[in-house]
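**Student:** Test case, fold it:
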Amino acid sequence: MLQHSLYLLKHKMVIIKNVEFAVTLLGAVVVISANAGGAWTPIGDVTTTMLWIHGQISTLQTMKDLFVPAAVSLAVPLALMSLTSEVNGKGQDSSDVLASEQMAPRGQLVFFVGVGALIFVPVFKALTGLPPFMGILLGLGVLWILTDAIHYGESERQKLKVPQALSRIDTQGVLFFLGILLSVSSLEAAGILRELANYLDAHIPSSEVIAGAIGVVSAIIDNVPLVAATMGMYDLSSFPQDSEFWQLIAYCAGTGGSMLIIGSAAGVAFMGMEKVDFFWYLRKVSGFAFAGYAAGIAAYLAIHNLPVSLPTTIAQVPFLSGS
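**Tutor:** The predicted structure is shown next:
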């Protein structure tokens, strides 16, 4: 009887440990997904937004050219993880939990209006030609009016209004990025970035290698100063808008941070929330993330350099055109 009880206890501990590992691994997948998802839209990541605002990339062309590489950078790690022996078993059914945590109708309204305001920013810039920050401020104004109307007369729900949300802005983070951009601008004004660009061009003639290296370095150093420095090193006369170099910079800087848990804001948040160890992520996830990163670059180069064209009409399909 005692042996049976010990066996059941040990089996239960193994199940709990497997569940904890599965939850942690799922969080790592979320980190990779967040970085991959932000790399193919102008408003999905800080670096792509910087490139978009300064004219290095455009909206539709970037979304069209980077969607497949970003999807590959996520699909490859997922496929490789599914083949490992540690990823098995069936997860807990979360339908009951989800049913008890449904978002209130008013919350859904605010959520969808907020998402719509974000999506509206590129449309606003394309229609008016005004700076994108004016579009996002317009969206903020709409949300402000909406939340004030929803919670009018409800003194206990003041924390759900926009003024309370604005009071929780991470001012230190904003000042940090401001300092970084000012420092990079100083280096650009002094001509140091141009000298660095000339040195890289002389020793690394391939722009694809430079972009890939920037993505790898972004796993260690914040990608905002790296992209800002790259924008100072190369202007639009060196690489025009939507060139392979700028699109690879957008992809590599956006997804390269997945290779280390400290390489992106999503990874740092995951490490703080789930108390994930740096070396655990390095052993269990970094290899998969690097494989996806490299596969995405390969997919981008294959799409743009191989002489492959898909038929656009039925008449161009040989066995349907009768030829």
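
**Student:** now the helices for the stretch 151-300 of the chain?
**Tutor:** With DSSP state H, counting those that start in this stretch, the ranges of helices along the stretch 151-300 of the chain come out as 162-166, 171-189, 192-203, 207-217, 223-233, 244-255, 265-274, 278-284, 286-305.

**Student:** And the second one, what does it pack against?
**Tutor:** The reference is to helix 171-189. If you count contacts as 3 or more C-beta pairs under 8 Å, 6 or more residues apart in numbering; DSSP states H and E, helix 171-189 packs onto helix 192-203, helix 223-233. In short, each C-beta sits where N, CA and C put it, glycine included.

**Student:** Pipe the helices of the stretch 151-300 of the chain into JSON lines and attach mean pLDDT, distance to Ala34 and mean neighbour count per row.
**Tutor:** What follows is the helices of the stretch 151-300 of the chain, written out as JSON lines (pLDDT from 0 to 100; distance: least, C-beta to C-beta, whole Å; neighbours: other C-beta atoms under 10 Å):
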{"stretch": "helix 162-166", "mean pLDDT": "78", "distance to Ala34": "21", "mean neighbour count": "13"}
{"stretch": "helix 171-189", "mean pLDDT": "84", "distance to Ala34": "17", "mean neighbour count": "12"}
{"stretch": "helix 192-203", "mean pLDDT": "86", "distance to Ala34": "29", "mean neighbour count": "14"}
{"stretch": "helix 207-217", "mean pLDDT": "90", "distance to Ala34": "16", "mean neighbour count": "19"}
{"stretch": "helix 223-233", "mean pLDDT": "89", "distance to Ala34": "13", "mean neighbour count": "23"}
{"stretch": "helix 244-255", "mean pLDDT": "93", "distance to Ala34": "10", "mean neighbour count": "27"}
{"stretch": "helix 265-274", "mean pLDDT": "84", "distance to Ala34": "4", "mean neighbour count": "16"}
{"stretch": "helix 278-284", "mean pLDDT": "90", "distance to Ala34": "14", "mean neighbour count": "15"}
{"stretch": "helix 286-305", "mean pLDDT": "92", "distance to Ala34": "12", "mean neighbour count": "19"}
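
**Student:** circling back: of the helices and strands packed on helix 171-189, which approaches Phe133 most closely?
**Tutor:** helix 223-233 (16.5 Å; C-beta to C-beta).

**Student:** Contacts for the closest one, please.
**Tutor:** Outside helix 223-233, the residues that touch it by C-beta atoms under 8 Å, 6 or more residues apart in numbering are 46-47, 50-51, 54, 56, 177, 180-181, 183-185, 187-188, 193-194, 196-197, 200, 214, 217-218, 249, 253-254, 256-257, 263-264.

**Student:** Among the helices of the stretch 151-300 of the chain, single out whichever gets nearest to Ala75.
**Tutor:** Using C-beta to C-beta as the criterion, the shortest distance between Ala75 and those is 7.5 Å, found for helix 286-305.

**Student:** Tell me the helices and strands packed up against that closest one.
**Tutor:** For helix 286-305, the helices and strands in contact under the criterion 3+ C-beta pairs under 8 Å, 6+ apart are helix 2-38, helix 59-83, helix 207-217, helix 244-255.

**Student:** In this model Ile210 seems to touch Cys252, though I could be wrong.
**Tutor:** No: shown here, Cys252 and Ile210 do not form a contact pair, counting by C-beta atoms under 8 Å, at 9.5 Å.

**Student:** what packs against the helix or strand where Phe120 lies?
**Tutor:** Element membership of Phe120 [criterion: DSSP states H and E] is helix 105-128. Packed against helix 105-128 by the contact rule (3+ C-beta pairs under 8 Å, 6+ apart) you find helix 59-83, helix 132-150.

**Student:** same thing but at 7 Å, please
**Tutor:** The helices and strands touching helix 105-128, judged by 3 or more C-beta pairs under 7 Å, 6 or more residues apart in numbering; DSSP states H and E, are helix 132-150.

**Student:** now what about the helix it packs on, what contacts it?
**Tutor:** With C-beta atoms under 7 Å, 6 or more residues apart in numbering as the test, helix 132-150 has contacts from 53, 106, 110, 113-114, 117-118, 120-121, 124-125, 160-162.

**Student:** Need the mean per-residue confidence for that helix.
**Tutor:** For helix 132-150, the mean pLDDT works out to 89.

**Student:** Tell me what angle that helix forms with helix 105-128.
**Tutor:** Relative orientation of helix 132-150 versus helix 105-128 (axes from the mean of the first three to the mean of the last three C-alpha atoms, to 10 degrees): 150 degrees.

**Student:** Could you export helix 132-150 as PDB, CA atoms only?
**Tutor:** These are the backbone C-alpha positions of helix 132-150, laid out as PDB (Å, rounded to 0.1, in the frame of the first residue of the first chain):
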ATOM      1  CA  PRO A 132       2.000  59.100 -38.000                       C
ATOM      2  CA  PHE A 133       2.000  60.400 -34.500                       C
ATOM      3  CA  MET A 134      -1.000  62.600 -35.400                       C
ATOM      4  CA  GLY A 135      -2.900  59.600 -36.400                       C
ATOM      5  CA  ILE A 136      -2.200  57.800 -33.100                       C
ATOM      6  CA  LEU A 137      -3.100  60.900 -31.200                       C
ATOM      7  CA  LEU A 138      -6.400  61.000 -33.100                       C
ATOM      8  CA  GLY A 139      -7.000  57.400 -32.100                       C
ATOM      9  CA  LEU A 140      -6.200  58.200 -28.500                       C
ATOM     10  CA  GLY A 141      -8.700  61.000 -28.600                       C
ATOM     11  CA  VAL A 142     -11.400  58.600 -29.800                       C
ATOM     12  CA  LEU A 143     -10.600  56.200 -27.100                       C
ATOM     13  CA  TRP A 144     -10.600  59.000 -24.500                       C
ATOM     14  CA  ILE A 145     -14.100  60.100 -25.600                       C
ATOM     15  CA  LEU A 146     -15.300  56.500 -25.700                       C
ATOM     16  CA  THR A 147     -14.100  55.500 -22.200                       C
ATOM     17  CA  ASP A 148     -15.400  58.700 -20.700                       C
ATOM     18  CA  ALA A 149     -18.800  58.000 -22.200                       C
ATOM     19  CA  ILE A 150     -18.900  54.400 -21.100                       C
END
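
**Student:** No more questions from me, cheers.
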